[in-house]
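quick one, what's the 3D model for this:
(one chain, ligands or ions: 3)
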Amino acid sequence: MVLDRIQGPNDVHKLDAFEREKLAREIRSFLIEKLSVTGGHLASNLGVVELTIALHSICDLPRDQIVWDVGHQSYTHKILTGRKGDFDRLRAMGGLAGFPKREESDCDIFGTGHSSTSISAGLGLAVARELKGEDYKIFSVIGDGAMTGGMVYEALNNAAEFKKNFVIILNDNNMSISRNVGGLSMNLARMRTSENYKNFKSGMQSSLEKIPVYGNRIVDRMRKTKEGIKQLVIPGMMFEQMGIMYLGPIDGSDIEGMRQIFLEATKIEGPVIVHVLTTKGRGFAPAERHPAKFHGTAPYDMATGLPLKNPATTYTDVFSTVMRKMGGRNDRLLALTAAMETGTGLVRFHNRYPGRFFDVGIAEQHAVTFAAGLASQGLIPVFAVYSSFLQRAFDQILHDVAIQKLHVIFAIDRAGLVGPDGETHQGIFDLSYLSLIPNMVILAPKNKWELSDMLKWAIDTEGPVAIRYPRGAAFDGLREFREPIQRGRAEEIYPLRGRGTKMILLAPIGSMVERALRLRELLLQAGYDVALVNMRFAKPVDEAILADYANRVDLVVPMEENVLAGGFGEHVEICLKEIGYRGKTFLVGFADHFIPHGSVEALMEEEGLTAEKISRKIISLLSSEE
Ligand SMILES: Cc1ncc(C[n+]2csc(CCOP(=O)(O)OP(=O)(O)O)c2C)c(N)n1
Ligand SMILES: CC(=O)[C@@H](O)[C@H](O)COP(=O)(O)O
Ligand SMILES: [Mg+2]
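Ligands and ions are numbered 1, 2, ... in the order given. As a prediction, the model looks like this:
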């Protein structure tokens, strides 16, 4: 096996062209087999095996620097830098991360996870290299989907001005997670099919000879032509006009061709884009047929590609069903996504009401302000978005939505721990960054029925509303508790019983209600009297119910799947102080640190947030004062 000879960075340099081809086949089989057990980002990785081998074979790592946009496609890079042996524990706690991590390898020069950062980071590296008087190659590898993110254009604009040498490899597989959208995507599609691609492919050598003046020749030619329409199909014109040299499109399965072009590109003065055409899911038929399904996959059967387990009903499924239903009842209801149609459960709404569905690309900031514009005209946009991706749009929420009290609904999926994607994707900050914005109303459901009720309530109310719910199976307990939703009102589940050594109020929100059930049992067993209130609203907090309990309990325990800093518990504490509560509080949530990858339960254990661990802390707190 050629793969066995790859033990660390630059081992790929020892291979000849034939062996490089063989290595690509072996890596592909390796990934298909390993990910069938662990799950992970299969389709994107299968698409860039050859591209990564070509790149590594002209780089001297870790001296040369590669920035992977999003970083979900960096598995071959990890294999080629000595991490092949870690793939059995891909994305497991303490195991190999699914994204580049500086602490994992000195070949991971820049950590990623969120989209569209690689050109800015690459430019930063290039400027730093010059300021430090150093000399090495810098590559940013970015997908066509990531090119829909606004930061890319801020970076290109800047790169054209700064004129630093670095190479942007545009990995164009004609897909984001779902179909790629927008004007740029249409432009790339035209480039794929243009005559120049065919010419470039057949005349690689003559194209290479032209490289130093390649861009200018195209621009000169375009200036001369009077047939304006033809300009549209000249690849790279858009980039060239911005002052970024463009090469391509080139074939992303041709390792030798890519090696030559990548190397030549590093010799060009200023920023260069090399446009590479790849195939998402390449070499695994189910993934080539359904790239969206295999973008991020759970373990699967290698023969058929079918999932090994049937997934339980998720909050995303519930959201999906209710949106579709409500779309039929209210024709002002709109659904928005920033390139996460599948993940947020909007496929059914899209199919049923195509005119009221909008995928704006990986553009969370734009999505929020676009929603604000729609809401200003009396429409009801629901922006379904992952908690960690919404972080990008903080000012748009504050400035464009909240100040104007516009009725935009934020359906915040993946709120709480997401597990294997790790620190970049854990949705543990939204309660903090939303709570501090005036006019925001924030809810979190305890179970699947409550998500449905909250969404319907949010559609009928006014002003900005956020509903946050976690990844994974929806809780289907506590079905009998279904008080109608009222603004700022909590729901009492279990009152105090009137007997016990100390009185405790458990005040969980969202997913923590389920955990509080078990916690309550443990505390009852320890001899305490324990009430449980489902707080429902992180903002406005139900002051009345807190005031009611304030005189009766010794301890209030707000619980949230969010960081404690600026979170729900802190707001409850402020409220209790205003009410004049004299007892203790014990805040349950995440400490002030980033939480790495692993299964959600393992991480909860590590964070001390299992019912058992919380109960031990509470018992010790209360017994220390006895
Ligand atoms: C800010 C942000 N929004 C959404 C995502 C989710 N996301 C991860 S990969 C991806 C699609 C990227 O498409 P592309 O760059 O073309 O890479 P491909 O998977 O096709 O290789 C999306 C939307 C993200 N990582 N970051
Ligand atoms: C790379 C990326 O950002 C997405 O693919 C993300 O991993 C999706 O996560 P879910 O599996 O929770 O949809
Ligand atoms: Mg793509």
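
near ligand 2, which residues of the protein?
Contact residues (C-beta under 6 Å from any ligand atom) of the chain with ligand 2: 41, 70, 72, 295-296, 343, 414, 418, 421, 471. In short, each C-beta sits where N, CA and C put it, glycine included.

pLDDT-wise, which helix or strand of this structure ranks last?
helix 228-231 (a mean of 39; mean pLDDT, DSSP states H and E).

residue of the stretch 501-626 of the chain nearest ligand 2, please.
residue 597 (10.6 Å; C-beta to the nearest ligand atom).

sorry, back to before: closest to ligand 1 among the residues of the chain next to ligand 2?
Using C-beta to the nearest ligand atom, residue 70 is the member of the residues of the chain next to ligand 2 that lies nearest ligand 1, at 4.5 Å.

for the nearest residue to that closest one once chain neighbours are set aside, what are its contacts?
Ranked by C-beta to C-beta, 6 or more residues apart in numbering and with sequence neighbours excluded, the top spatial neighbour of residue 70 is residue 115, at 5.0 Å. With C-beta atoms under 8 Å, 6 or more residues apart in numbering as the criterion, the residues that contact residue 115 are 69-70, 145-146, 149, 362.

so which of the residues you listed is the closest to ligand 3?
When those are compared for distance to ligand 3, the smallest value, 4.3 Å, is given by residue 145; criterion: C-beta to the ion.

unless I'm mixing things up, the closest one is touching residue 179, no?
No - using C-beta atoms under 8 Å, residue 145 and residue 179 do not qualify as a contacting pair, with a distance of 9.7 Å.

care to break the protein down by domain?
Partitioning the chain according to automatic domain parsing yields domains covering residues 3-289, 315-468, 491-624.

the ones you listed: which one's closest to residue 485?
Closest to residue 485 of the domains of the chain is domain 315-468 (C-beta to C-beta; 4.1 Å).

is ligand 3 contacted by that closest one?
No - counting by C-beta under 5 Å from the ion, ligand 3 has no neighbours in domain 315-468; the shortest distance is 10.2 Å.

give the rounded mean pLDDT of that domain.
In this model, domain 315-468 has an average pLDDT of 98.

distance from the chain centre to it, please.
Shown here is domain 315-468, whose average C-alpha point lies 15 Å from the average C-alpha point of the whole chain (C-alpha atoms, centre = their mean, to the nearest Å).

could you tell me the end-to-end distance of that domain?
For domain 315-468, the first and last residues are 10 Å from each other (C-alpha to C-alpha, to the nearest Å).

ok, back up a step: which non-adjacent residue is nearest the residue of the stretch 501-626 of the chain closest to ligand 2?
Taking C-beta to C-beta, 6+ apart, and ignoring the residues beside it in sequence, residue 597 has residue 422 as its nearest neighbour in space, at 3.2 Å.

count of residues packed around that neighbour?
Summarising burial for residue 422: neighbours were counted as other C-beta atoms under 10 Å, giving 22.

same question for the one 3 residues further on.
The local packing count at residue 425 equals 23, with neighbours defined by other C-beta under 10 Å.

re earlier: next, the residue nearest to residue 70: secondary structure please.
Using DSSP: H, G, I helix; E, B strand; the rest coil as the criterion, the local structure at residue 115 reads coil.

what are the phi and psi angles of the closest residue to ligand 3 within the stretch 401-550 of the chain?
Going by C-beta to the ion, ligand 3 is nearest to residue 421 of the stretch 401-550 of the chain, at 17.9 Å. Main-chain torsions, residue 421, degrees, to the nearest 10: phi -80, psi -20.

please give me every residue in contact with it.
If a contact means C-beta under 8 Å, 6+ apart, then residue 421 has 91, 98-99, 113, 597 as its contacts.

pick the one among those residues closest to ligand 1.
Checking the contacts of residue 421 against ligand 1 with C-beta to the nearest ligand atom, the nearest one is residue 113 at 6.2 Å.

show me the shaky parts of this protein.
194-234, 625-626 (pLDDT under 70).

how about the closest residue to residue 578 other than its chain neighbours, what does it touch?
Spatial nearest neighbour of residue 578, excluding adjacent residues (C-beta to C-beta, 6+ apart): residue 543 at 7.8 Å. Listed by C-beta under 8 Å, 6+ apart, the contact set of residue 543 reads 575, 578-579.

are any of the residues you listed buried, and which?
With burial judged by 16 or more other C-beta atoms under 10 Å, the buried subset of these is 575, 579.

how about the contacts of residue 543 in JSON lines, adding secondary structure?
Formatted as JSON lines, the contacts of residue 543 follow (three-state DSSP):
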{"residue": "575", "secondary structure": "helix"}
{"residue": "578", "secondary structure": "helix"}
{"residue": "579", "secondary structure": "helix"}
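
closest to ligand 3 among the contacts of residue 543?
When those are compared for distance to ligand 3 (C-beta to the ion), residue 575 wins out at 46.7 Å.

shouldn't the closest one be in contact with residue 544?
No - checked against C-beta under 8 Å, the pair residue 575 and residue 544 is beyond contact range at 10.3 Å.

tell me the SS of the closest residue in space to residue 538 that isn't next to it in sequence?
The spatial neighbour of residue 538 that comes closest, neighbours along the chain excluded (C-beta to C-beta, 6+ apart), is residue 442 at 4.1 Å. Under three-state DSSP, residue 442 falls in the strand class.

check contacts around residue 442.
431, 434-435, 465-468, 537-539.

any chance of those in TSV, with secondary structure and neighbour count too?
What follows is these, written out as TSV (DSSP: H, G, I helix; E, B strand; the rest coil; neighbours: other C-beta atoms under 10 Å):
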residue	secondary structure	neighbour count
431	helix	33
434	helix	26
435	helix	19
465	strand	22
466	strand	28
467	strand	25
468	strand	31
537	strand	20
538	strand	28
539	strand	19
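
can I get these in JSON lines including distance to residue 380?
Output for these, formatted as JSON lines (distance: C-beta to C-beta, whole Å):
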{"residue": "431", "distance to residue 380": "23"}
{"residue": "434", "distance to residue 380": "19"}
{"residue": "435", "distance to residue 380": "23"}
{"residue": "465", "distance to residue 380": "10"}
{"residue": "466", "distance to residue 380": "14"}
{"residue": "467", "distance to residue 380": "14"}
{"residue": "468", "distance to residue 380": "19"}
{"residue": "537", "distance to residue 380": "20"}
{"residue": "538", "distance to residue 380": "22"}
{"residue": "539", "distance to residue 380": "20"}
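
quick one: which of these is nearest ligand 2?
For those, the closest approach to ligand 2 (C-beta to the nearest ligand atom) belongs to residue 468, at 14.4 Å.

do you know how far the closest one is from residue 442?
In this view, residue 468 and residue 442 are 7 Å apart by C-beta to C-beta, to the nearest Å.

now list whatever residues contact both of those two.
431, 538.

ok, now how distant is the nearest residue to residue 353 once chain neighbours are set aside from residue 357?
What sits nearest to residue 353 in space, not counting adjacent residues and going by C-beta to C-beta, 6+ apart, is residue 327, at 4.8 Å. In this structure, residue 327 and residue 357 are separated by 9 Å, where distance is defined by C-beta to C-beta.

and for those two, which residues touch both?
When contacts are counted by C-beta under 8 Å, 6+ apart, the set common to residue 327 and residue 357 consists of 335, 349.

now stretch 94-104: buried residues?
95-101, 104.

what's around residue 287, how many residues?
For residue 287, the count of nearby residues is 27 (other C-beta under 10 Å).
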